[in-house]
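> pasting a predicted model and its sequence here:
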Amino acid sequence: MNAEDITSISNWLVNKGLRGLDEMDIVNGFCQRCRAAGLNIDRGLALIDTLHPVYEGRAFQWDSQEPARTAFEYGPTNEGISADNWERSAFFHLRINELNEVRRRIGFGEPAEFYGLEGMVENGHKDYIAMIHRFAQDAQIGEMDCFYSHWTTMDEKGFSDEALDALRQLVPVLALAIKSGSLTRISRTIAEVYLGEDAAQRVLEGRISRGKAERISAVLWFSDLQNYTQISDSLPPDEIIPFLNDYAEAVITSIHDAGGNVLKLIGDGTLAIFKAEEREEACGRALLAQQDLREKLKGINERRQMEGQPITEVYLGLHIGDVFYGNIGSSDRLDFTVIGPAVNEVSRIASMCRFVDRDVIMSQNFVASAPPPKYAEVVSIGRYALRGVKRAQELFTLMPYEPEAN
């Protein structure tokens, strides 16, 4: 590989990084171009930590003997067998000893003491080099503080000095391209985790001006937990969050699986919306989420009862109406949410559940637009004057069909 090849590959990496090419595609293109220029990489692995509620980072693996490219997320490396493997790795060795690279000519009798190297020797790899490229402290996000990579060759002579020099020049550019894509992915993940998928999409599209909102018609979902205050007062502090997480997981996944968007978590409460071209479809999705939620709650409560933990149910209000959807707040602290009388109404409807001893209450407008559920009968529970709502309105609940006696 000559200087012209190095420049060409560097320019390709910069171009693809600026364009936001998928990280695995960047690694794939990088390895292919290196081989075409005479740098005989036979296996490459790139790792970069991320900021995600479940995963610690992402890995990108390339192998000249296997056409299929592999990208995967990895979980925490500080527990169980993952911690053992991590502490045996060349990357851990680099971090602990504050080194930038480590090389092992594994096909020429040098020790293969790091995790995975013995398998590489058995598969015919001759030379191995692992690198770490650290980020400045003020350029770190979460655990993303460096770029890890390792490279092997099956060449009978191993890596030449020229090949190693080329890798030392090119891998930092690769690291920058991967970091660029990873930062974009992190931005989207953070926005979706804290704002919800739909609101996140709007924010990332640039709709962040204060006061910028649009009028939409949507199904509104407001739910909270039965007897939450009483239960939380009786729980040890370290059990409150796991309790909330169990039930929040059921509520949120039910909403998302049915195509809804969670906008706010307010203590034990959840505010969500369902949008669709047709009102009936949006209402149908909300009813599907409600049915799915009840099935999930059965499983959660059975498990928690067996573990001797407190259980609860979810009170749910469903309504439909026009709301303003957008940014509300100050110049330096905004909230992307929905506002309008319908939002107040749905919270009041949900609060009626405890007074009429029903798990779900629906407004007259919702019932008028919703498809008849196949699993339950819609029953009026009467007219009520809701606090803060000018007009009394008829409310409805669901009564599951009872199997007919033979």
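That came through fine.
> what is the helix or strand where residue 200 lies packed up against?
Residue 200 is part of helix 197-204 when elements are defined by DSSP states H and E. Judged by 3 or more Cβ pairs under 8 Å, 6 or more residues apart in numbering; DSSP states H and E, the packing partners of helix 197-204 are helix 161-195, strand 261-266, strand 334-339. Backbone N, C-alpha and C define where each C-beta goes, glycine included.
> now the first one, how far from the chain's geometric center?
Per Cα atoms, centre = their mean, to the nearest Å, the displacement of helix 161-195 from the mean C-alpha position of its chain is 19 Å.
> buried ones in that helix?
By neighbour count with 16 or more other Cβ atoms under 10 Å, helix 161-195 contains the buried residues 163-164, 166-167, 170-171, 173-175, 177-183, 185-186, 189-192, 195.
> touching, residue 217 and residue 321? I think so.
Yes. Judged on Cβ atoms under 8 Å, residue 217 makes contact with residue 321 at a distance of 7.1 Å.
> helix or strand next in line after the helix holding residue 200, which one?
Next along the chain after helix 197-204, taking DSSP H and E as the criterion, comes strand 213-225.
> average model confidence for that next one?
For strand 213-225, mean pLDDT rounds to 90.
> what strands line up against that strand, and which way round?
Within its sheet, strand 213-225 is paired with strand 269-274 (antiparallel), strand 314-329 (antiparallel), according to DSSP bridges.
> pLDDT at residue 404, what is it?
57.
> again, but for residue 253
The per-residue pLDDT of residue 253 was computed as 95.
> with residue 36 instead?
So residue 36 comes in at 93 (pLDDT).
> what count of nearby residues applies to it?
11 (other Cβ atoms under 10 Å).
> list the contacts of the closest residue in space to residue 251 that isn't next to it in sequence.
Of all residues not flanking residue 251 in the chain, residue 270 sits nearest, at 5.1 Å (Cβ to Cβ, 6 or more residues apart in numbering). By Cβ atoms under 8 Å, 6 or more residues apart in numbering, the residues touching residue 270 are 221, 222, 223, 224, 248, 251, 252, 255, 262, 264.
> and what of residue 114?
Contacts of residue 114 (Cβ under 8 Å, 6+ apart): 88, 89, 90, 93, 104, 130.
> let's have the strands paired with strand 213-225 in JSON lines, adding mean pLDDT and distance to residue 200.
What follows is the strands paired with strand 213-225, written out as JSON lines (pLDDT from 0 to 100; distance: least, Cβ to Cβ, whole Å):
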{"stretch": "strand 269-274", "mean pLDDT": "94", "distance to residue 200": "14"}
{"stretch": "strand 314-329", "mean pLDDT": "89", "distance to residue 200": "13"}
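> rounded mean pLDDT for the helix holding residue 200, please.
Rounded mean pLDDT across helix 197-204 is 77.
> buried stuff in the helix or strand that contains residue 232?
Element membership for residue 232 (DSSP H and E) is helix 228-234. Within helix 228-234, the residues scored as buried using 16+ other Cβ under 10 Å are 228, 231, 232.
> go on, stretch 386-399?
Buried positions in stretch 386-399, judged by neighbour count with 16+ other Cβ under 10 Å: 386, 393, 395, 396, 397, 398.
> may I have the beta-bridge partners of the third one?
It refers to residue 395. Here residue 395, judged by DSSP bridges, has bridge partners residue 363, residue 382.
> returning to that earlier point: what's the average pLDDT for the helix holding residue 232?
Per-residue pLDDT over helix 228-234 has a mean of 89.
> next up, the contacts around the residue nearest to residue 360 when sequence neighbours are not counted.
Using Cβ to Cβ, 6+ apart and skipping residues adjacent in sequence, the residue nearest residue 360 is residue 316, 4.5 Å away. Contacts for residue 316 (Cβ under 8 Å, 6+ apart) come out as 221, 222, 223, 290, 293, 350, 353, 359, 360, 361.
> tell me how far residue 316 lies from residue 101.
As judged by Cβ to Cβ, to the nearest Å, residue 316 and residue 101 stand 57 Å apart.
> what does residue 368 give?
In terms of Cβ to Cβ, residue 368 sits 69 Å off from residue 101.
> looking at these two, which is more packed in?
residue 101 (17 against 12).
> contacting residues for the more buried one?
Residue 101 neighbours (Cβ under 8 Å, 6+ apart): 94, 129, 130, 131, 132, 168.
> mind checking which of those are buried?
Here, 16+ other Cβ under 10 Å leaves 94, 129, 130, 131, 132 buried among the contacts of residue 101.
> so the third one sits against residue 90, correct?
Yep, that's residue 130 we're talking about. Yes. Contact criterion Cβ under 8 Å: residue 130 and residue 90 qualify, at 3.8 Å.
> which segments of this structure make up each domain?
3-193, 209-400 (automatic domain parsing).
> who's the closest residue in space to residue 221 that isn't next to it in sequence bridged to?
Leaving out its chain neighbours, the residue that sits closest to residue 221 by Cβ to Cβ, 6+ apart is residue 272, at 4.2 Å. Beta-bridge pairing for residue 272 (DSSP bridges): residue 221, residue 262.
> can you tell me how far residue 272 sits from residue 159?
Taking Cβ to Cβ as the measure, residue 272 falls 55 Å from residue 159.
> more neighbours: which of those two?
Ranked by neighbour count (other Cβ under 10 Å), residue 272 and residue 159 place residue 272 first, with 27 against 23.
> residues contacting that one?
196, 220, 221, 222, 255, 260, 261, 262, 263.
> of those residues, which is the most crowded?
Top of the contacts of residue 272 by neighbour count (other Cβ under 10 Å): residue 221, with 29 neighbours.
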